[in-house]
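Colleague: task: produce atomic coordinates for the following.
(one chain, ligands or ions: 1)
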Amino acid sequence: MSLRDDGAAALEWAARYLERVGELPVLAQVQPGEIRAKLPPHPPERPEPFANVLRDLDDVLLPGVTHWQHPRFFAYFGVTASEPGILAELLAATLNNVAIMWRASPASAELEAHVLDWLAELLGLPPGLHGHIEDTASTSTTAALMAAREATGRSVVVYSDQAHSSVAKAVKLLGMTAREVPSDGEFRMRTDALELDAAAAVVATVGTTSTTSVDPVAAIADAAERAGAWLHVDAAYAGAAWVCPEFRWSQAGVERADSVVVNAHKWLLTPMDCSCLWTRRPADLRNAFSLIPEYLRSTDDADNISEYGPALGRRFRSLKLWAVIRCYGREGLQAVIREHVRLAALFEGWVRDEPGWELCAPRPFSVVCFRREGSDEENEALLQRVNASGEAFLSHTKLNGRFVIRLAVGNAWTTEDDVRIAWDALRREASA
Ligand SMILES: Cc1ncc(COP(=O)(O)O)c(C=O)c1O
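Modeller: Numbers count the residues shown, from 1 in each chain. Below is the predicted model:
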């Protein structure tokens with residue numbers, strides 16, 4: 001194979017894909033098992049040209065792709081793998097640096113620390129935090145809770161009934177004990193019900209998964225300080241909004257957190273995966289994770305990022321984040337966030353003004369929670385019809401026991417027309 005020739009074809013494929021993705025059905029229109037049935041049962045004996053891979057990407061795999069890069073992908077949290085991020089992924093794979101220790105990849109180690117300082121500055125986080133990149137928020141939160149357990153010698157983790165399931169999973173993984181706190185009428189952790197006695201950690205969320213509600217972090221920080229508990233803030237989605245000063249109200253109290261996670265692969269234009277974890281207690285993270293076998297010992301006077309988390313081998317993830325930040329700049333990132341919030345507000349207004357529809361939660365950022373009047377079953381069937389049309393892809397949650405539809409704007413190519421098409425599809429299917 002020729003990297004130059006096949007590479008040009010692959011890049012052309014990528015460019016054309018992004019040009020036409022908006023014309024494809026957003027949700028893959030396949031049944032379970034359909035893609036595997038089209039794949040050869042056995043691996044090839046002889047080398048094949050790379051062109052065959054590209055051909056089968058089109059013919060076999062593409063029908064089974066749910067298009068996260070589609071401008072009408074409104075499910076879960078909408079995301080974007082932007083062009084600089086895509087190209088940097090190619091370069092990171094080309095270098096294939098495995099950052100096990102500083103000397104194995106000095107540039108990767110130092111760029112990671114530096115870019116996390118940059119991002120902390122862009123987001124208005126306090127100076128002096130230690131930052132590193134994990135694959136996902138699930139891992140970042142697991143790392144933070146493990147540090148909390150080591151630092152406090154306790155094992156209870158407290159979080160609200162709106163916290164992401166990754167928190168409960170981390171607790172399970174670490175053999176810790178969960179204590180759930182109810183949320184209020186606006187889905188924020190109820191601090192009057194917060195009991196941190198003997199707690200190792202409390203996890204506050206800025207931008208919960210269901211409604212993007214914001215826990216009262218400052219009051220939670222007061223309670224954590226009194227109880228000697230570690231405060232971890234999960235801002236996996238909404239932390240990106242802090243790049244805009246007008247959304248920094250949701251950061252109040254985060255400056256007192258022991259650790260905070262923001263996923264650049266959610267709302268910061270960076271391809272999966274890139275979860276940014278900052279801590280003001282790096283020594284505790286290092287105590288929890290540092291374990292250097294003989295074959296990795298060195299006399300380098302340097303920080304080994306692998307001593308701050310569970311993985312030893314680490315991809316050169318900072319390269320794509322660096323590329324995104326450089327190619328967008330503060331202004332470019334702000335423009336994307338502001339446009340997404342504007343589009344969500346527009347959609348929210350249409351729902352509010354339309355008889356027979358109802359808003360189900362406040363909308364602080366770019367996610368609208370709503371439902372059509374009628375039963376849960378009717379709303380679920382409505383959502384299924386819209387998704388099956390391929391015109392838009394939305395997802396759901398349950399709030400106060402009721403089925404609620406979510407529209408999450410997060411794709412950089414989403415326009416007002418795209419949001420309008422989704423709304424038209426919803427109204428059409430509702431009256432069908
Ligand atoms: C608030 C929040 N925290 C954590 C996660 C988990 O993120 P990841 O998939 O990076 O583990 C999500 C996923 O959507 C989330 O919404």
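Colleague: what about the residue most central in space within the chain, which helix or strand?
Modeller: For the chain, the residue nearest the mean C-alpha position is K266 (3.5 Å; Cα atoms, centre = their mean). Taking DSSP states H and E as the criterion, K266 maps to helix 264-267.
Colleague: buried residues in stretch 209-225?
Modeller: Under the neighbour-count criterion of 16 or more other Cβ atoms under 10 Å, stretch 209-225 has 209-217, 219-224 buried. Just so you know, the C-beta spots here come from the backbone N, C-alpha and C atoms, and that holds for glycine as well.
Colleague: all strands of the protein, in order?
Modeller: 130-134, 156-160, 177-181, 199-205, 230-234, 259-263, 275-279, 357-359, 367-372, 395-399, 402-408 (DSSP state E).
Colleague: hmm, the helix holding K266 touching the ligand?
Modeller: No - using Cβ under 6 Å from any ligand atom, we find that helix 264-267 stays clear of the ligand, coming within 6.9 Å at best.
Colleague: I'd like the average pLDDT over that helix.
Modeller: Averaging pLDDT along helix 264-267 gives 98.
Colleague: need the residues of the stretch 101-250 of the chain near the ligand, please.
Modeller: So the stretch 101-250 of the chain meets the ligand at 136-138, 164, 166, 205, 207-209, 234, 236-237 (Cβ under 6 Å from any ligand atom).
Colleague: the closest residue to L296 other than its chain neighbours and S298, how far apart?
Modeller: Nearest non-adjacent residue to L296, counting by Cβ to Cβ, 6 or more residues apart in numbering: M101, 5.5 Å away. With distances taken as Cβ to Cβ, to the nearest Å, M101 is found 6 Å from S298.
Colleague: restricted to helices, list the buried residues of stretch 209-225.
Modeller: Among the buried residues of stretch 209-225, the subset assigned to helices under DSSP state H consists of 217, 219-224.
Colleague: end to end, how far does stretch 55-73 reach?
Modeller: Distance between the two ends of stretch 55-73: 25 Å, counting by Cα to Cα, to the nearest Å.
Colleague: what residues sit buried inside that stretch?
Modeller: By 16+ other Cβ under 10 Å, the buried positions in stretch 55-73 come out as 60, 65-73.
Colleague: just stretch 274-291 next, same as before
Modeller: 274-282, 284-286, 288-289.
Colleague: what's the top helix by length along the chain packed up against?
Modeller: Counting by DSSP H, the longest helix found in the chain is helix 318-353. Where contact means 3 or more Cβ pairs under 8 Å, 6 or more residues apart in numbering; DSSP states H and E, helix 318-353 is packed against helix 83-95, helix 106-123, helix 264-267, strand 357-359, strand 367-372, helix 416-430.
Colleague: which one of the ones you listed lies closest to G332?
Modeller: Taking Cβ to Cβ, helix 83-95 is the member of the helices and strands packed on helix 318-353 nearest to G332, at 10.1 Å.
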